[in-house]
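> whatever this is, show me its structure:
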Amino acid sequence: MDVNFNINEDHNKLLVSQLKKKLVLVKKGGGKERIAKLHAAGKMTARERIDFLFDEPEKALEIGAFTGDGMYTEQGGCPSGGVIVKIGFIKGTQCILVANDATVKAGAWFPITAKKNLRAQEIAMENKLPIIYLVDSAGVFLPMQDEIFPDKEHFGRIFRNNAIMSSMGITQIAAVMGSCVAGGAYLPIMSDESIIVNKTGSIFLAGSYLVKAAIGELIENEKLGGATTHTEISGVCDYKAEDDKDALNTIINIVDKIGDPQCAGFNRIESQKPKEQESNVFGILPKERSAQYDMKKIIACMVDGSEMQEYKANYGKTLICAYARIDGWAVGIVANQRKVVKNAKGEMQFGGVIYSDSADKATRFIANCNQKKIPLVFLQDVTGFMVGSKSEHAGIIKDGAKMVNAVSNSVVPKFTIVIGNSYGAGNYAMCGKAYDPRLIVAWPSAELAVMGGSQAAKVLLQIETATLKKQGQKISKEKENEILKTITDRYNEQISPYYAAARLWTDAIIDPLKSRHWISMGIHAANQSPIEKQFNLGVIQV
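A predicted model of the protein is given here:
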């Protein structure tokens, strides 16, 4: 091992350590006092409820742990968006769980909460996964109601999705384990089966105070919409549970009877560990973002037996296209090569940049994977498409469009890991969030932006100084440096993987050593949803 390997290893392991510390903090939700208050009321926390349900909770995937990170600070924050979403197994059946965190503003819905719930439902619909809602919410966070109520991707879309999933035959189970008020009351009742916990669970369109204000009726909440009312009088709920554990055991018993899902037929054999040490990724991935490295070495640490069958190995070398296996599953890998290479003409090509020949190769490979029914895995460390007269004259826009077309129309499941840079149109071509990857995750080393920080800061500096000069201001070198620092600091915050994860541009920030597990779990989920469409590129410029 050389000195650079050790420097890289120390840097990347430090990033993972910081990630783990941040996760510990996030998992405290609204804090120890609110957790204690919940326990005192005889209730479990959202995370405790989910762990109780899963066969192996430590192997579950958490979607959006950093949702809301750094957002809504004036409102006191919203850790994990006030809702916990995880994918795991209950009695051997893979499910997705959605649990309101009552320690965060009593489980109230912020705008990002709605976005996260919709993402959970999207995952359930794409993969035909049973979805379980553990409801404990005070409803919409009223001070921000204008950002959550009426639009297509707001609160109401969730109930529309309930109806769509029901027509698709996707199992939906809801347990009302706390408050369930106003519009939110429709969610459990639009599920296939519902459970309500005695004394702590309640469902009503309007609580006792609003009922009194609206029609003058005096009634207590328990009688208005408690467990006895809804299981014996209204018939709204199907099961009455005595406490949280009773409700959760009822869910386990229901899930245990679900029939086997259909199979998409993705190829899987017995899993093998990589021959290369998986932790070597920490030393291979450079500390400096502009440094070159061989992406094939990263792939060797991720795939079974460290073996891959490279497609068109000597053509379009800035993109690696290869068949391999991950945890036994056959996959097609599209990865940015990050070292300088030579093309057939002997011309040097920059690593991390997509050239015309690379885009052409990737388009053909993606088409092949669709024909063979092989899931696609994109490994992003891309600075964008090549620019300049030579590239423009060679038709880089046309070839880039072909690749984007292939990614957009792909019918096999796609999975994306942002390893390093994810800039500009490179993010799109390499299956960024806008291109419907089944799961998209980032390593702590990731950055997502229109362009790199230093380039963007210089462009923004030119714009800002030009504006100030038009206003008659003189810009000294010291003032220019001050403006540049302000711009750079702001931009660096925005390209952080945590900024992206807070807004659900990625599903998670993960330890690189968990990449194989995420992809394997994702393909397992996708394998329960047979492909119903034919791959068709549509009209493209050849």
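> please make it C-alpha for all contacts and neighbour counts, starting now.
Fine.
> quick one: low-confidence ranges for this structure?
1, 183, 451-457, 541-542 (pLDDT under 70).
> at 50 what do you get?
Nowhere does the chain drop to pLDDT under 50.
> which residue lies farthest from the center of it?
Gly472 (47.0 Å; CA atoms, centre = their mean).
> part of a helix, is that residue?
No. Using DSSP: H, G, I helix; E, B strand; the rest coil, the assignment for Gly472 is coil, not a helix.
> any chance you could map the strands in the stretch 351-500 of the chain?
For the stretch 351-500 of the chain, the strands defined by DSSP state E, counting those that start in this stretch occupy 353-354, 376-382, 384-385, 414-423, 439-442, 447-449.
> Lys312 is nearest to which of those?
With CA to CA, the closest approach to Lys312 among the strands of the stretch 351-500 of the chain belongs to strand 353-354: 15.3 Å.
> who touches that closest one?
Contact with strand 353-354 is made by Thr318, Leu319, Asn336, Val382, Thr383, Gly384, Phe385, Met386, Gly426, as judged by CA atoms under 8 Å, 6 or more residues apart in numbering.
> isn't the third one up against Asp381?
Yes. A contact is recorded between Asn336 and Asp381 when judged using CA atoms under 8 Å, the distance being 5.7 Å.
> spit out the residues that contact those two alike.
By CA under 8 Å, 6+ apart, the residues touching both Asn336 and Asp381 are Gly352.
> in this structure, where's the longest helix?
Identified as the longest helix of the chain according to DSSP state H is helix 3-26.
> hmm, who's touching that one?
65-66, 79-80, 280-287, 444-445, 509-511.
> can you rerun that using 7 Å?
Helix 3-26 is contacted from outside by Pro79, Ser80, Phe282, Gly283, Ile284, Leu285, Pro286, Lys287, Pro444, Asp511, using CA atoms under 7 Å, 6 or more residues apart in numbering.
> also stretch 88-108?
Contacts for stretch 88-108 (CA under 7 Å, 6+ apart): 29-30, 34-35, 45-46, 53-55, 60-61, 78, 82-87, 124, 129-141, 252, 255-256.
> restricted to strands, list those.
When the contacts of stretch 88-108 are checked against strands (DSSP state E), the matches are 61, 83-87, 131-137.
> compare those and tell me which is most surrounded.
Ranked by the number of neighbours (other CA atoms under 10 Å), the ones in strands among the contacts of stretch 88-108 place Val83 first, at 33 neighbours.
> what distance do you get for it to Leu460?
Plainly put, Val83 is 37 Å away from Leu460 if you go by CA to CA, to the nearest Å.
> same deal with Ile123?
38 Å.
> higher neighbour count, those two?
The neighbour count for Ile123 versus Leu460, taken as other CA under 10 Å, is higher for Ile123 (21 against 16).
> just give me the neighbour total for the nearest residue to that one once chain neighbours are set aside.
Spatially, and ignoring its direct neighbours in sequence, Ile123 is nearest to Arg438 (6.9 Å; CA to CA, 6 or more residues apart in numbering). Arg438: 21 surrounding residues under other CA under 10 Å.
> Arg438 against Thr416, yeah?
No. Arg438 is beyond contact range of Thr416, at 8.2 Å (criterion: CA atoms under 7 Å).
> now do the contacts for Val236.
Applying CA under 7 Å, 6+ apart, the residues contacting Val236 are Ile189, His230.
> now with 10 Å?
Pro188, Ile189, Glu193, Ser194, Ile195, Ile196, Ile203, Gly225, Ala227, Thr229, His230 (CA atoms under 10 Å, 6 or more residues apart in numbering).
> and the third one, how many neighbours does it have?
The number of residues packed around Glu193, counting by other CA under 10 Å, is 19.
> who's in contact with the closest residue to it other than its chain neighbours?
Among residues not flanking Glu193 along the chain, Ile173 sits closest, at 5.1 Å (CA to CA, 6+ apart). Neighbouring residues of Ile173 by CA under 10 Å, 6+ apart: 97, 130-134, 187-195, 251, 254-255.
> who does Ile173 bridge with?
Going by DSSP bridges, Ile173 is paired in beta bridges with Ile132, Glu193.
> with secondary structure as extra columns, can I get the contacts of helix 3-26 in TSV?
As requested, the contacts of helix 3-26 are exported to TSV (three-state DSSP):
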residue	secondary structure
Pro79	helix
Ser80	helix
Phe282	helix
Gly283	helix
Ile284	helix
Leu285	coil
Pro286	coil
Lys287	coil
Pro444	coil
Asp511	coil
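> which pair in the residues you listed has the greatest spatial separation?
Spanning the widest gap among the contacts of helix 3-26 are Pro79 and Ile284, at 33.2 Å by CA to CA.
> helices along the stretch 151-300 of the chain, start to end?
156-168, 186-189, 208-215, 221-225, 227-228, 244-255, 281-284, 295-300 (DSSP state H, counting those that start in this stretch).
> run through who's touching the first one.
Where contact means CA under 10 Å, 6+ apart, the residues beyond helix 156-168 that reach it are 114-115, 117-119, 121-122, 124-125, 128-131, 148-152, 170-172, 183-192.
> host element of the nearest residue to Leu129 once chain neighbours are set aside?
If the residues on either side of it in the chain are set aside, Leu129 comes closest to Cys95, at 5.5 Å by CA to CA, 6+ apart. Assessed by DSSP states H and E, Cys95 sits inside strand 93-100.
> distance between that strand and the chain's centre?
15 Å (CA atoms, centre = their mean, to the nearest Å).
> using the three-state scheme, assign Arg325.
strand.
> I'd guessed it sits against Gly332; true?
Yes. The pair Arg325 and Gly332 qualifies as a contact (CA atoms under 10 Å) at a distance of 8.3 Å.
> what sits in contact with each of those two?
With CA under 10 Å, 6+ apart as the test, Arg325 and Gly332 both reach Met308, Gln309.
> assumed Lys37 was part of a strand.
No. Checked against three-state DSSP, Lys37 lies outside a strand; its state is helix.
> give me the number of residues near it?
12.
> likewise for Leu205?
Leu205 has 14 nearby residues by other CA under 10 Å.
> leaving out the residues flanking it, which one is nearest to it?
Using CA to CA, 6+ apart, the nearest residue to Leu205 is Ala182, at 3.9 Å.
> so that neighbour sits right up against Ser202, yeah?
No. At 11.2 Å, Ala182 does not count as touching Ser202 under the criterion of CA under 10 Å.
> when the two are compared, which one has more neighbours?
Ser202 (28 against 15).
> need phi/psi at the residue lying closest to the more buried one once chain neighbours are set aside.
Nearest non-adjacent residue to Ser202, counting by CA to CA, 6+ apart: Gly226, 4.5 Å away. In terms of degrees, to the nearest 10, the main-chain angles of Gly226 are phi -80, psi -170.
> can you name the residues that contact Gly226?
Gly226 neighbours (CA under 10 Å, 6+ apart): 178-179, 196-204, 220, 240.
> state the number of residues packed around Lys339.
17.
> also Gly42?
The burial count for Gly42: 11, using other CA under 10 Å.
> same question for Gln292.
17.
> how close does it get to Ser515?
Counting by CA to CA, the gap from Gln292 to Ser515 is 22 Å.
> same question for Glu276.
Glu276 is 15 Å from Ser515, by CA to CA.
> compare these two (neighbour count), which wins?
More crowded of Glu276 and Ser515, by other CA under 10 Å: Glu276, with 19 against 16.
> residues contacting the closest residue to the more buried one other than its chain neighbours?
Distance criterion CA to CA, 6+ apart; nearest residue to Glu276, sequence neighbours excluded, is Cys301 at 5.2 Å. Counting by CA under 10 Å, 6+ apart, Cys301 makes contact with Lys273, Pro274, Lys275, Glu276, Gln277, Glu278, Ser279, Asn280, Val281, Glu307, Leu513, Arg516.
> thanks again, I'm all set now.
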